[in-house]
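In: Provided below are the primary sequence and the corresponding predicted coordinates.
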Amino acid sequence: MADGMANLSREQLMAQAATMPLEQFNPADPALFMHDAIWPYFERLRKEAPVHFTPPEISIQTLGVRGDDEDEGIGGYWSISRYEDIMAVDTNHQAFSSDAFKGGITLRNFDEDFVLPMFIAMDPPKHDVQRKTVSPIVAPDYLAELESVIRERASGLLDAVPVNETFDWVDAISIELTTQMLATLFDFPWEERRKLTRWSDVATAIPGAGIVDTEEQRRAELMECLAYFQGLWNERVNKPPQRDLISMLAHGESTRNMEPMEYLGNIILLIVGGNDTTRNSISGGLYALNKYPAEYEKLRKNPAIIPNMVSEIIRWQTPLAYMRRTCIQDTEVGGKTIKEGDKVAMWYVSGNRDPALFDNAHDLVIDRPNARRHMAFGFGIHRCVGNRLAEMQLRVVWEEILKRWSHVEVMDEPERVYSSFVKGYAKLPVRIRG
């Protein structure tokens, strides 16, 4: 793990935000997210430098990979921190590219010998046709069928957790429910479904930070993922089209001739998009309701508020902290000129706490009137294809929780993921009082 900020306490990191010169700000430092200390940095950026450049010599402490001899930085990048500016960048795909071969969607570029194209990391028109191939998985009629499956599984998992005993909510509920859902969407062998959890973690992991030790290990495990899914592809391509993601890709006109690395890229996208994001919102929602007990009481008195609460939880949590774009033509944003070739981080996590749009933006307010205006799903052509499925899972989980218990108590602060991309939880100790 990187030296420097990772060794400071949350209090030290937050205090430092007030005195550190803006030119030294590096909001992509994973330590700020691991300690939940990023908020005063974004507050200053929104007020003083809403379009801010972090030079390479400052970002060098931000791990993209742990090298054999030294930690490699992610290079210079722009931070966009205000809601309206983020929306302007996110909806302007003529000037800002997602293309994997230009860098993709995270601040660390793909290595030239390990590029993973995926439709979220493509520009039109290829993006459009590949996205359309998998979109039937979240069509309204299929979502209606899936709801009963999600409810049955959520009920089974909630009925199985211990009472009057501390357990890890992340593993028992958040990970297991979303992994079961992924297994269904892929028609993946049920008994091996936790492979999906592992590959999701590996895909977004910073080598040396606890999930994998080296970039070589990360690549090796992702190639194991590819080999496994190639086996599933070979099974499905020789059968009539079915309503699962592998069959859709194998039979889709724009995807059936994908190169192996493009197939792997799209699989990783679907795994991470269907797992990391929802699971961290399930955990984050419970944590937030414990932080704001008056909101928990409001929920108990009026369960009909759950659909709006789901949007507010997603806003408050923002499970993917940012998306990166690469500027492909000189463009002015917020009075600053971003040059062709520059990296740009759209900090959704900051936009969702922008007081210009959200009153008391740091608080969870489950009946917030404009909660649905959150930007956690992105905007424009890359808006999350599975957003309705994610919302449905969260809604069903909370409906089932309230049927069983008046309170699920968080026993201690969560262990957070060491990442500035995935804003998530590794562990959340909870107890249900009998």
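Out: Arrived safely.
In: Work out for me the element L402 sits within.
Out: helix 387-404 (DSSP states H and E).
In: same question for that helix, mean pLDDT?
Out: Per-residue pLDDT over helix 387-404 has a mean of 94.
In: and that helix, how far out from the chain's middle?
Out: Centre-to-centre, helix 387-404 and its host chain are 18 Å apart (C-alpha atoms, centre = their mean, to the nearest Å).
In: For this protein, which helix or strand comes out least confident on mean pLDDT?
Out: One helix or strand of the chain scores below all others by mean pLDDT, DSSP states H and E: strand 65-66, with a mean of 38.
In: Could you report the distance from I282 to D276?
Out: 11 Å (C-beta to C-beta, to the nearest Å). No exception for glycine: its C-beta is placed from N, CA and C like everyone else's.
In: who's more crowded, those two?
Out: More neighbours surround I282 than the other of I282 and D276, with 29 against 25 (other C-beta atoms under 10 Å).
In: out of everything not next to it in sequence, what's closest to that one?
Out: S174 (4.2 Å; C-beta to C-beta, 6 or more residues apart in numbering).
In: And C225, by the same measure?
Out: W199 (4.5 Å).
In: same check, this time on N109
Out: G103 (4.5 Å).
In: Next up, the contacts around S419.
Out: P30, F33, M34, T204, A205, I206, A209, A321 (C-beta atoms under 8 Å, 6 or more residues apart in numbering).
In: so it, which of the three states?
Out: Each residue gets one of three states, and S419 gets coil by DSSP: H, G, I helix; E, B strand; the rest coil.
In: Where does pLDDT dip in the chain?
Out: Low-confidence segments of the chain, defined by pLDDT under 70: 1-6, 61-73, 121, 434.
In: Residue nearest the middle of it, spatially speaking?
Out: L320 (3.0 Å; C-alpha atoms, centre = their mean).
In: from memory that residue sits against W347, does it?
Out: No - using C-beta atoms under 8 Å, L320 is not in contact with W347; the gap is 10.5 Å.
In: quick one: the helices in the stretch 101-250 of the chain?
Out: In the stretch 101-250 of the chain, the helices defined using DSSP state H, counting those that start in this stretch lie at 126-134, 140-160, 169, 176-186, 194-204, 215-237, 245-251.
In: can I get those helices in CSV with mean neighbour count and distance to L270?
Out: Shown next, in CSV, are the helices of the stretch 101-250 of the chain (neighbours: other C-beta atoms under 10 Å; distance: least, C-beta to C-beta, whole Å):
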stretch, mean neighbour count, distance to L270
helix 126-134, 17, 7
helix 140-160, 14, 15
helix 169, 25, 25
helix 176-186, 22, 8
helix 194-204, 20, 10
helix 215-237, 16, 10
helix 245-251, 22, 6
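In: Export these to a markdown table and append columns for distance to I328.
Out: Formatted as a markdown table, the helices of the stretch 101-250 of the chain follow (distance: least, C-beta to C-beta, whole Å):
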| stretch | distance to I328 |
| --- | --- |
| helix 126-134 | 14 |
| helix 140-160 | 35 |
| helix 169 | 43 |
| helix 176-186 | 33 |
| helix 194-204 | 25 |
| helix 215-237 | 28 |
| helix 245-251 | 28 |
